[in-house]
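K.L.:
any chance you can model this:
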Amino acid sequence: MGPILGMFSSWFTADESWRNKTGHSIAPVYLAQNLSGELRGHFEEDSTDAVQWFTIDEVNALPRVELVDFVLELI
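P.N.:
Reported below is the predicted structural model:
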């Protein structure tokens, strides 16, 4: 892991939560290098339905969550 580039912070409502409770999330954003290899999309709780590598131009054309926009501003 590289240095921390920023910290994302977001409050969410009960309607936005899978537990139906309000809350707060924080996510450290690290500088990553040598991104390659197989992406893993299956975890114990099946929280991910698809994974794929994207270029920055491709990401800019996609619908995104607030965390992705925060990271795009950092880079």
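K.L.:
got the contact list for Ala32?
P.N.:
By C-beta atoms under 8 Å, 6 or more residues apart in numbering, Ala32 lies in contact with 1-2. (C-beta placed from N, C-alpha, C; glycine too.)
K.L.:
roughly how far apart are it and Pro3?
P.N.:
Distance, Ala32 to Pro3, by C-beta to C-beta, to the nearest Å: 11 Å.
K.L.:
likewise Glu58?
P.N.:
In terms of C-beta to C-beta, Glu58 sits 26 Å off from Pro3.
K.L.:
which one's more surrounded, those two?
P.N.:
The neighbour count for Glu58 versus Pro3, taken as other C-beta atoms under 10 Å, is higher for Glu58 (10 against 6).
K.L.:
you'd agree that one is in a strand?
P.N.:
No - going by DSSP: H, G, I helix; E, B strand; the rest coil, the assignment for Glu58 is helix, not a strand.
K.L.:
can you tell me how far it is from Val68?
P.N.:
Distance of Glu58 to Val68, computed by C-beta to C-beta: 12 Å.
K.L.:
now Glu38
P.N.:
Glu38 sits 22 Å away from Val68, going by C-beta to C-beta.
K.L.:
comparing the two, which residue is more hemmed in?
P.N.:
Legend: neighbour count by other C-beta under 10 Å for Glu38 and Val68, higher for Val68 (14 against 6).
K.L.:
contacting residues around the more buried one?
P.N.:
Val68 touches Val59, counting by C-beta under 8 Å, 6+ apart.
K.L.:
in the helix or strand where it lies, which residues are buried?
P.N.:
Val68 is part of helix 66-74, with elements assigned from DSSP states H and E. Judged by neighbour count using 16 or more other C-beta atoms under 10 Å, the buried positions of helix 66-74 are 70-71.
K.L.:
tell me the average confidence for that helix?
P.N.:
Taken as a whole, helix 66-74 has a mean pLDDT of 93.
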